[in-house]
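Participant: here is a sequence with its predicted model. Questions after.
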Amino acid sequence: MEIKQNEVPATAPATTVLSPEALLAHWQGHRNLTRRLIEAFPEDKLFTCSIGGMRPFADMVMEMLAMGAPGIRGIATEEWEPFNEQLTHGNSKEEVLRLWDKATEEINTWWAGIPPHRFQEVVLAFGQYEDKAIMTILYFIDNEIHHRGQGYVYLRSLGIEPPSFWER
């Protein structure tokens with residue numbers, strides 16, 4: 001039997017691998033690590049460091065912010081705003097961290113409003129990305145990990161030891 005990516009075979013038993021609470025705790029562990037990565041950047045380099053044509057890390061953080069809390073709000077309420085990664089981060093690390101902390105609180109608040117069955121329902125995230133809610137959430141987490149890896153490269157290029165990735 002051939003199984004496509006993200007497809008569960010019809011014969012698979014219904015099993016819970018992670019509870020919604022455990023998944024949120026897992027994601028918040030990643031978010032905590034990403035926050036520590038933001039903190040590790042020198043003020044100016046957060047907004048200017050670029051390698052190989054990649055965006056500065058502050059711009060990547062804005063993408064994560066545009067996705068995380070608004071995405072969980074969309075899953076919880078079934079009301080989606082268009083995706084907008086053109087958020088402004090101000091010009092200080094302090095402002096980026098304030099936005100990050102605000103989004104973390106919003107994720108926790110909206111998460112509590114997601115009924116368990118909703119994770120298996122198909123959503124049209126931001127009016128353009130269709131998949132099950134659980135797969136959409138996993139994409140949010142994967143996207144953060146991907147960009148955090150880019151941030152690690154930036155810090156190392158600056159001679160700064162980044163936080164250990166396993167300390168979430």
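Facilitator: Great, that's in hand.
Participant: got the contact list for Asn143?
Facilitator: Contacts of Asn143 were listed using Cβ atoms under 8 Å, 6 or more residues apart in numbering, and they are Glu63, Met64, Met67. In short, each C-beta sits where N, CA and C put it, glycine included.
Participant: if we use 7 Å, what do you get?
Facilitator: Neighbour list for Asn143: Met64, Met67 [criterion: Cβ atoms under 7 Å, 6 or more residues apart in numbering].
Participant: which parts of the longest helix along the chain are buried?
Facilitator: For the chain, the longest helix by residue count, based on DSSP state H, is helix 133-157. Using 16 or more other Cβ atoms under 10 Å as the test for burial, helix 133-157 gives 133-137, 139-140, 143-144, 147-148, 150-152, 154-155.
Participant: can you show me the helices along the protein?
Facilitator: Applying DSSP H to the chain gives helices spanning 20-40, 43-48, 57-77, 93-111, 133-157.
Participant: tell me the most buried of those?
Facilitator: helix 57-77 (a mean of 21; mean count of other Cβ atoms under 10 Å).
Participant: could you export it as CSV, CA atoms only?
Facilitator: These are the backbone C-alpha positions of helix 57-77, laid out as CSV (Å, rounded to 0.1, in the frame of the first residue of the first chain):
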residue,chain,number,x,y,z
PHE,A,57,17.0,37.1,11.4
ALA,A,58,14.7,39.8,12.6
ASP,A,59,12.8,39.5,9.3
MET,A,60,12.6,35.7,9.7
VAL,A,61,11.2,36.2,13.2
MET,A,62,8.5,38.5,11.7
GLU,A,63,7.5,35.6,9.4
MET,A,64,7.2,33.3,12.5
LEU,A,65,5.2,35.9,14.3
ALA,A,66,2.9,36.3,11.3
MET,A,67,2.3,32.5,11.3
GLY,A,68,2.1,31.3,14.9
ALA,A,69,-0.5,33.3,16.9
PRO,A,70,-2.6,34.3,13.9
GLY,A,71,-2.6,30.7,12.7
ILE,A,72,-3.7,29.3,16.0
ARG,A,73,-6.4,32.0,16.2
GLY,A,74,-7.6,30.9,12.8
ILE,A,75,-7.7,27.2,13.8
ALA,A,76,-9.5,28.1,17.0
THR,A,77,-12.1,30.5,15.5
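Participant: since that was my last question, I'll sign off now.
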